[in-house]
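*Asks:* any chance you could fold what I've pasted below:
(2 chains)
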Number of protein chains: 2
Amino acid sequence: MTDFEAVAKQFVTFYYDTFDKNRADLSALYKDHSMLTFEAQPTQGTGAIIEKLASLPFAKIQHRVDSLDAQPSNETGGILVMVTGALLIDEEQRAMMYSQTFQLQPDGAGSYFIFNDVFRLVYPA
Amino acid sequence: MTDFEAVAKQFVTFYYDTFDKNRADLSALYKDHSMLTFEAQPTQGTGAIIEKLASLPFAKIQHRVDSLDAQPSNETGGILVMVTGALLIDEEQRAMMYSQTFQLQPDGAGSYFIFNDVFRLVYPA
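*Replies:* Here you go, the predicted structure:
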């Protein structure tokens, strides 16, 4: 496994664990120029992104990751990550499918932050 | 609609129209450092990518685009594009869901090429 794949896997595990426990803690992963497009609604900056995630109308959520692909995205250490999986929301037994793409960028301090983030539910064809 | 969104829409329309008519014609969109991860199988370079796409075991295919999101991906004009949609393959009546992420990069000649390309079928949860 190459480095970018190891980073992508570690990131994805941490991201969804944190999302499912306390979404506000994801603020450490975004910066002021980070972008999130969540179900077609664009937001930018840590504050607006966390506000958007916190406003989502569910209390309990669980992400399942079914696929994870990563590629180097530029010459400055960026990593493109595409995830597909399923969401189990609150007490609903039926899962919903989703797809989410991140571009991670080194933060200059040995870690990574999320520069791009796009989330979509995927509906049955 | 901002420029990157217009470019993303135009690209996606052209990409799937070309894919569905003659996949070999997509070679104009890739370069030797382009990456494609198709159902977890990584390939790099125009030749290998077109060979991979040409080898897919279906004759007739039709892509439907259900969602398209775009964000600027770097300071050199890159564009991240995430698509979700449905595939209708050969004579099968049942569509399959897919998700595909591209990173487009300006080619220096007024157009764009695909630097990153990740494709996954999405299975019902």
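
*Asks:* going forward, measure contacts between C-alpha atoms and count neighbours the same way
*Replies:* Fine.

*Asks:* which ones are touching A:Ser73?
*Replies:* Contact partners of A:Ser73, counting by CA atoms under 8 Å, 6 or more residues apart in numbering or on different chains, are A:79-80, A:103, B:103, B:115-116.

*Asks:* gap between it and A:Asp117?
*Replies:* For A:Ser73, the distance to A:Asp117 equals 14 Å [CA to CA, to the nearest Å].

*Asks:* now do the shared contacts for the two.
*Replies:* Listed as contacting both A:Ser73 and A:Asp117 by CA under 8 Å, 6+ apart are A:Gln103.

*Asks:* what helices and strands are in contact with the longest helix seen in chain A?
*Replies:* Counting residues, the longest helix found in chain A (DSSP state H) is helix A:3-21. Here helix A:3-21 touches strand A:61-72, strand A:79-89, going by 3 or more CA pairs under 8 Å, 6 or more residues apart in numbering or on different chains; DSSP states H and E.

*Asks:* mind redoing it with 10 Å?
*Replies:* Counting contacts by 3 or more CA pairs under 10 Å, 6 or more residues apart in numbering or on different chains; DSSP states H and E, helix A:3-21 packs against strand A:61-72, strand A:79-89, strand A:96-106, strand A:112-122.

*Asks:* what pairs with the following helix or strand past that helix, and is each one parallel or antiparallel?
*Replies:* The element immediately downstream of helix A:3-21 (helix or strand, assigned by DSSP states H and E) is strand A:30-38. Sheet pairing here is set by DSSP bridges, and for strand A:30-38 it gives strand A:41-44 (antiparallel), strand A:112-122 (parallel).

*Asks:* tell me which of those strands is the most buried.
*Replies:* strand A:112-122 (a mean of 23; mean count of other CA atoms under 10 Å in any protein chain shown).

*Asks:* so for that strand, what's the average pLDDT?
*Replies:* The pLDDT scores in strand A:112-122 average 98.

*Asks:* do the same with stretch A:75-87
*Replies:* In this model, stretch A:75-87 has an average pLDDT of 97.

*Asks:* buried sites along it?
*Replies:* For stretch A:75-87, the neighbour count (16 or more other CA atoms under 10 Å in any protein chain shown) marks A:78-87 as buried.

*Asks:* chain center to that stretch: distance?
*Replies:* When distances are taken as CA atoms, centre = their mean, to the nearest Å, stretch A:75-87 is centred 8 Å away from the chain's centroid.

*Asks:* could you export it as CSV, CA atoms only?
*Replies:* What follows is stretch A:75-87, C-alpha atoms only, in CSV (Å, rounded to 0.1, in the frame of the first residue of the first chain):
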residue,chain,number,x,y,z
GLU,A,75,2.5,17.8,-7.0
THR,A,76,2.2,19.3,-3.5
GLY,A,77,1.1,16.2,-1.8
GLY,A,78,-2.7,16.4,-2.4
ILE,A,79,-4.8,13.3,-2.3
LEU,A,80,-8.1,12.7,-4.0
VAL,A,81,-10.4,10.3,-2.1
MET,A,82,-13.7,8.9,-3.3
VAL,A,83,-15.9,7.0,-0.9
THR,A,84,-19.2,5.1,-1.5
GLY,A,85,-21.2,3.6,1.3
ALA,A,86,-24.4,3.5,3.3
LEU,A,87,-25.9,5.7,5.9
